[in-house]
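Student: One predicted model, sequence on top.
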Amino acid sequence: MLFFKKKKIPLTELFPQDFVDIHSHLLPGIDDGAKNLEHSIELIKKMSSLGIKNFITTPHVLGDIYPNSSTVIQEKLNEVRVELKKQKLDAITIRSAAEYMMDEQFVQLLKKKDILTLKDNYILVEMSYFNAPFNLYDILFEIQIKGYKPILAHPERYNFYHADFENFYKLKKAGCLFQLNLLSLTPHYGKNVQKISYKLLEENMYDFAGTDVHHSKHIELLKEIGTEKTKKSISHLLRNNKKLL
């Protein structure tokens, strides 16, 4: 009997040359991502070596845990840009938005329109991994009333929805766009998350993809998705990142 392994390809072949990573944690010292400026540059260099050179990085904005203001985020972005220029890393482009927890603080920011968008009116939002906010659909409605379009980060990671797939259709119907975490295609977050991510792909429910890189281990794990099969299944999402963002 013959056994065939999945054909591996380097990530430089997986990612289009102008791919934009719309979800990462590369700004120094403001969330659970890059620890300092040196770490930020190290992560960016490693990602660049894999073919990712364009970033809209998205630090957490999460209550009292990561109470990052738009001003602080922009200041940290400028620090990174200055260092990239100093090191003559001119092929790298980096902008910043945020990954907003849909909590009461976010509702207040929304009212003031103090929101960092990915581009135009696209907002990256997330929920707790334990449960959805009780007023989730009110928040999604308010986002759209204010003229924004919500992109839900890593819907596959909300385990409380796994038992009833209809929840994902309901979110889409409520106006949510979906962003796949590329590491969800590996067992990194658990087999159930991996299974749901492939199910959402099969149902053509994702709109975008992102790495959600926090540290070097994530970058190493990314190499596992370098297969012809993965390239075929997500190429439209990688193109969407460029086309819409």
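Tutor: Yep, that arrived.
Student: Quickly note the distance from Val20 to His39.
Tutor: The gap separating Val20 from His39 is 22 Å, by CB to CB, to the nearest Å. C-beta coordinates here come from the backbone N, C-alpha and C atoms, glycine included.
Student: Between these two, which has more neighbouring residues?
Tutor: The neighbour comparison of Val20 against His39 (other CB atoms under 10 Å) goes to Val20, with 24 against 16.
Student: ok, that one touching Asn241?
Tutor: Yes: with contact defined as CB atoms under 8 Å, Val20 and Asn241 form a contacting pair (4.8 Å).
Student: Under the pLDDT cut-off, which ranges of this structure? List them.
Tutor: Counting by pLDDT under 70, the ranges of the chain that qualify are 1-6, 244-245.
Student: Distance check, the closest residue to Gln144 other than its chain neighbours against Glu220.
Tutor: Closest residue in space to Gln144, ignoring its immediate chain neighbours: Gly175 at 5.4 Å, by CB to CB, 6 or more residues apart in numbering. Gly175 sits 36 Å away from Glu220, going by CB to CB.
Student: the more surrounded of the two?
Tutor: More crowded of Gly175 and Glu220, by other CB under 10 Å: Gly175, with 14 against 11.
Student: Grab the nearest non-local neighbour of Ile52.
Tutor: Nearest one to Ile52, counting by CB to CB, 6+ apart, is Asp21 at 5.2 Å.
Student: tell me which residues form a beta bridge with that neighbour?
Tutor: Under DSSP bridges, the beta-bridge partners of Asp21 are Phe55.
Student: Share the number of residues neighbouring it, please.
Tutor: For Asp21, using other CB under 10 Å, the count is 24.
Student: dump the residue contacts of the residue nearest to Gln144.
Tutor: 140, 143-144, 149-150 (CB atoms under 8 Å, 6 or more residues apart in numbering).
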